[in-house]
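Visitor: Just a sequence and a predicted model for now, questions to come.
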Amino acid sequence: MTPLNSVGHREPRIDALLRVTGKAEYTGDVKLPGMLYARLLRSPHPHARIRSIDTSKAAALPGVRAILTKDNCDTVWSSGDTLGQRKLFNNPLRFTGEAVAAIAAVNRHVAEEAMALIQVDYEVLPFVLDVDKAMEDGAPEIHPGGNLSPNNQRRREPQTYKRGDAAKGVAEADRVFESSFTSSHHNNAQMELRTSLAYWEGSKLTVYASTQGIANCQRDIAKDLNIAEPNVRVICHYMGGGFGNKNQSHDFDLFAALLAKEAKAPVKVEFTRKEDFVAVHGRWSSKQSYKIGVKNDGTLTSIQMTARTGAGAYRKSSCDLSGTEIYQVPNLETATTPIYTNTAVAANYRAPAYPQGVFGIESAIDDVAYALKMDPLEFRLKNMTRKFRDQTPYTSFGLEDCLRKGAEAFGWKQRWKPVAGSGTGPVKRGAGMAMGMFGSALGRSSAVAKVDAKGNYSIHVGVTDCGTAAKTTMGLIAAEELGVPLNKVTVVWGDTDTCPYSVGESGSRTTVQTGEAVIAAVKDLKKMIAEKGMPTGTNDLVAMVTTNPAAIAGASRQSFVAHFAEVEVNVETGHIAVVKFTAAHDSGRIINPLTAESQVQGGAIQGIGMALHEELRYDPRSGQPLNAGYYGARIMTHMDAPKVDVLWIETEDAYGPFGAKTLGEPTIIPTVAAVGNAIYNAIGKRMRNLPMTRERVLEVLA
Amino acid sequence: MDWQRLYTGAIRLKNKAMAPPLLRALTDNNIDNGWGESSMKISRRVILEGTGAGLVAATVPLSAQQVSVAAVPVAVPKTSIRLTVNGQAQSIEVEDRWTLVEVLRDHLQLTGTKIGCDRGECGACTVLVNGKAVYACSQLAVWMDGRTVQTIEGLAQGTKLDPLQEAFIAHDAPQCGYCTSGQLMAAKALLNENPKPTRDQVRAGMTGNLCRCSNYNHYVEAVMAAAGTLTNGGVA
């Protein structure tokens, strides 16, 4: 791979100084004159109908300026579900924590006091928490028509994929394996609380949002409030993480806008940490079953997967499962059915459909390999995908190197035990691995490139930088294409009034899609400079480009990944420690190895938390969430986090900015499965349920 | 502990409908009835108030409280305090229910200190009080009378960054950056006590500071680099 001047070198973030001095202004730090503070009153019941709401006492409390309930607000929050029907205030209420009233007051204490003065008469309804029970006859109906969630074509049917004939594949197999796995709802738990600050100047609405995508946030707010998009300005200069649950507009953006209109003053909505865990969304849970046919020589003949996933009270995303795509197999059938329950809503969290699906298939495959007395690494090398859906070639393919070179760097041969559970002593060691892939398609984005008479370049991009270093990435791409050092390029970001469309930091699309737009804008600018010469006086040259590349014909563009984990399991206490971890990633050319390393290490450590600890639990009798918050969620801490070694498999890819492919989401895809497979290697027992807690370790050993 | 008194104290702030979850929140932090978040917050304030000026209100009969809450402005007890923040003497009248982080962010405009949970779980609000790391969300402002507080804004000496800040930049310690102020202040407190920590000592010293981007590897390397204990490959 040809070395480049700016791209490919370890470069500190362009905004790092502001981040380490406390000067980076996050949404919650913005304060406007006369600003009011808003709080939400929420349902104490998992399922209830509101008979009446009396806000008179709250309204009479001095300092209260506006109150919204279902009685005076029927605004639809269209990105709140895939059907575009969910309202800000719904009746009946379908989960504990669903919004009942929003209150704006002169300060947050008065708003909280007013909450307690609102009297709500609830008709408590029967509820259901479990996806299987929700499908039984006589289960409480959460939405009219039943608990099987309709897809975005409004059909109540599973999401399916089929190639070949699974029954035929099973008939051709020498051996057939069946197994089942479950995964739990767990929360994105980004550090920044949810907040939104809105104010109106006549018909123009400005929202300081905490969003992964200023453009889609603007689009959705404009749609739901029925105003023209240019009349909505969304600003997000610094945001404290999202991992998928701060994309599009959120109800707090709409609450802020509507309360601000009602109160005729800027309003800042603040959610508490508990509200973040229960009332926004987390990763969907799953119950998965596999039937796998294989020849005695280890060749896969058939994979069937059926699953139910937990959408929660509203369907806010696909609720699908991924993972089986990483295998070459002539006969593959999958069917995933999202189910409503009276629990927190499930939607996107870093590689939404992947780590739980990959946990299922990669655990099942591991069992097959051990049963055939094959090294799981060799089994994967034999059966891994080589063409997308066994049909379409990849634009670049680094999976084999991720497996081979990753295994070498990790020391697979020394660490993996041919006989699982063969270690001695109360602390047993074992090694496991798993693999994955993630789409890296091209797509629409825009960028502006500008130069002034002094030779200062600026790039305007609609990114917010949710922690990925997107601004720095865009600066590096521009600097490379311009042939100037990074410090000659100013990046302008995070404001819909000054930045053009960007896709939003989801689907790991920013580097590829907005990066391509930056290159195109810079190329145009260079052409203008060549034709007209550099600008003089107070003139600027400005190039604005929207790139909307056609789908790549006859090829599929994917990132690939393999993770390797070594664990120590204490068979007396059930305690699991991940002691070595190697992450091998083919994300094409790495634009900034320093910040990319952060992403991989962070994604893998998040995945270890998902594997071992994280789950939102409900009391089955009351339907109440029991552990909403950081202590209860048990996210990873400094003491839990192992060193993650990162290995770049930089394949040459003809597409994307300098050949870059997606990275942010692949970092968590195989982690959970790799840890589970390492535990199996250590103790000789298969962990079938996430999270793989101490109790569950002791259970399988009992 | 006098539960009845705390309970009555809560009524001063909220109406009696909040009482059952409040009592439960006081006795068990993890299980709350209904929508218990505000009761969690009350419980903290009530406990805090029980130690301060709010006790007076606890003796007022319940029925009178109910009427007063609905009809007239609640008289919130206030106290004047003096403290030093980042080397500057401050004299400020605080509501007794205000926490230190509220005073810093809302009244002294020091928004570099972040709120991640507002309940002592995450460490985003870590500041130094008399040189020791504390969660500013879990300290009442009235307790700060006579204390010296250092926040992220006071870490650099003018334009000269602290070695920790330099190392945090070079090692890409912040991803989203929201926990970074707290991580830096926790690291500062750690190095104040142990200038040459090993990797495990850094991890133990900072384990009260969560990072959901989970950039723990780079945080630890940065702290060790600042301390001069980082060797090749980041292994101490």
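Guide: Received it, and whenever you're ready, just let me know what you need. Numbers count the residues shown, from 1 in each chain, chains lettered A, B, ... in the order given.
Visitor: alpha carbons only for contacts and neighbour counts from here, please
Guide: OK.
Visitor: Which stretches in the stretch 251-400 of chain A count as helices?
Guide: For the stretch 251-400 of chain A, the helices defined by DSSP state H, counting those that start in this stretch cover A:251-263, A:273-279, A:354-371, A:376-383, A:399-410.
Visitor: and the shortest one with chain B, contact?
Guide: Yes. Counting by CA under 8 Å from any CA of the partner chain, chain B is contacted by helix A:273-279 at A:273, A:274, A:275.
Visitor: Can I get the helices of the stretch 251-400 of chain A in JSON lines including mean neighbour count?
Guide: Shown next, in JSON lines, are the helices of the stretch 251-400 of chain A (neighbours: other CA atoms under 10 Å in any protein chain shown):
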{"stretch": "helix A:251-263", "mean neighbour count": "24"}
{"stretch": "helix A:273-279", "mean neighbour count": "24"}
{"stretch": "helix A:354-371", "mean neighbour count": "25"}
{"stretch": "helix A:376-383", "mean neighbour count": "19"}
{"stretch": "helix A:399-410", "mean neighbour count": "21"}
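Visitor: now these in CSV, with mean pLDDT?
Guide: Below are these laid out as CSV (pLDDT from 0 to 100):
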stretch, mean pLDDT
helix A:251-263, 98
helix A:273-279, 96
helix A:354-371, 98
helix A:376-383, 98
helix A:399-410, 98
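Visitor: Reformat those helices as JSON lines; add distance to residue A:304.
Guide: JSON lines is the format used below for the helices of the stretch 251-400 of chain A (distance: least, CA to CA, whole Å):
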{"stretch": "helix A:251-263", "distance to residue A:304": "38"}
{"stretch": "helix A:273-279", "distance to residue A:304": "33"}
{"stretch": "helix A:354-371", "distance to residue A:304": "10"}
{"stretch": "helix A:376-383", "distance to residue A:304": "16"}
{"stretch": "helix A:399-410", "distance to residue A:304": "23"}
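Visitor: and of the ones you listed, who's closest to residue A:680?
Guide: Residue A:680 sits nearest to helix A:354-371 of all those, at 9.0 Å, using CA to CA.
Visitor: At which residues are the strands of chain B located?
Guide: Taking DSSP state E, the strands of chain B run over residues B:78-85, B:88-95, B:126-129, B:132-135, B:148-150.
Visitor: what about residue B:81, how many residues close to it?
Guide: 17 (other CA atoms under 10 Å in any protein chain shown).
Visitor: Hmm, it is touching residue B:92, no?
Guide: Yes. Using CA atoms under 8 Å, residue B:81 makes contact with residue B:92 at a distance of 5.6 Å.
Visitor: quick revisit: out of the strands of chain B, which is the most enclosed?
Guide: Neighbour counts (mean count of other CA atoms under 10 Å in any protein chain shown) averaged over each of the strands of chain B peak at strand B:126-129, with a mean of 26.
Visitor: Output the contacting helices and strands for that one.
Guide: strand B:132-135, strand B:148-150, helix B:180-193 (3 or more CA pairs under 8 Å, 6 or more residues apart in numbering or on different chains; DSSP states H and E).
Visitor: Make JSON lines from those and add mean pLDDT and distance to residue A:592 to it.
Guide: Formatted as JSON lines, the helices and strands packed on strand B:126-129 follow (pLDDT from 0 to 100; distance: least, CA to CA, whole Å):
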{"stretch": "strand B:132-135", "mean pLDDT": "97", "distance to residue A:592": "34"}
{"stretch": "strand B:148-150", "mean pLDDT": "98", "distance to residue A:592": "34"}
{"stretch": "helix B:180-193", "mean pLDDT": "98", "distance to residue A:592": "21"}
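Visitor: so which of these comes closest to residue A:32?
Guide: helix B:180-193 (23.2 Å).
Visitor: Which secondary structure elements does that closest one sit against?
Guide: helix A:16-20, strand B:126-129, strand B:132-135, helix B:163-170, helix B:199-205, helix B:216-227.
Visitor: which parts of that helix are buried?
Guide: B:180, B:181, B:182, B:183, B:184, B:185, B:186, B:187, B:188, B:189, B:190, B:191 (16 or more other CA atoms under 10 Å in any protein chain shown).
Visitor: how about the last one, what does it touch?
Guide: Read it as residue B:191. Residues in contact with residue B:191 (CA atoms under 8 Å, 6 or more residues apart in numbering or on different chains) are B:197, B:227.
Visitor: do you know how far residue A:452 is from residue A:493?
Guide: 18 Å (CA to CA, to the nearest Å).
Visitor: Next: residue A:177.
Guide: Taken as CA to CA, the span from residue A:177 to residue A:493 is 52 Å.
Visitor: So these two - more neighbours on which side?
Guide: residue A:493 (24 against 16).
Visitor: What is the distance between stretch A:232-248 and the centre of its chain?
Guide: 13 Å (CA atoms, centre = their mean, to the nearest Å).
Visitor: for chain B, which spans come out with low pLDDT?
Guide: Applying pLDDT under 70 to chain B flags the ranges B:1-74, B:232-236.
Visitor: rerun at 80
Guide: B:1-74, B:231-236 (pLDDT under 80).
Visitor: Near chain B, which residues of the stretch 551-700 of chain A? Just list them.
Guide: So far as CA under 8 Å from any CA goes, the stretch 551-700 of chain A lies against chain B at A:594-595, A:598-599, A:601-603, A:605-606, A:624, A:626-627, A:629-632, A:635-639, A:641-644.
Visitor: and if we set it to 7 Å?
Guide: A:594-595, A:598, A:601-602, A:605-606, A:624, A:626-627, A:630-631, A:637-639, A:641, A:643 (CA under 7 Å from any CA of the partner chain).
Visitor: Neighbours of the closest residue to residue A:132 other than its chain neighbours, how many?
Guide: Residue nearest to residue A:132 in three dimensions, not counting chain neighbours: residue A:308, with 8.0 Å by CA to CA, 6 or more residues apart in numbering or on different chains. Residues lying near residue A:308 (other CA under 10 Å) number 23.
Visitor: who's residue A:308 bridged to?
Guide: Bridge pairing for residue A:308 (DSSP bridges) gives the partners residue A:287, residue A:337.
Visitor: how about the CA coordinates for the helix or strand bottoming out on mean pLDDT in chain A, as CSV?
Guide: When each helix and strand of chain A is scored by mean pLDDT, DSSP states H and E, helix A:630-633 comes last, with a mean of 92. Only the C-alpha atoms of helix A:630-633 are listed here, as CSV (Å, rounded to 0.1, in the frame of the first residue of the first chain):
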residue,chain,number,x,y,z
TYR,A,630,-24.4,2.4,35.9
TYR,A,631,-24.0,0.4,39.1
GLY,A,632,-26.7,-2.0,38.1
ALA,A,633,-25.8,-2.2,34.4
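Visitor: I am finished for the moment; much appreciated.
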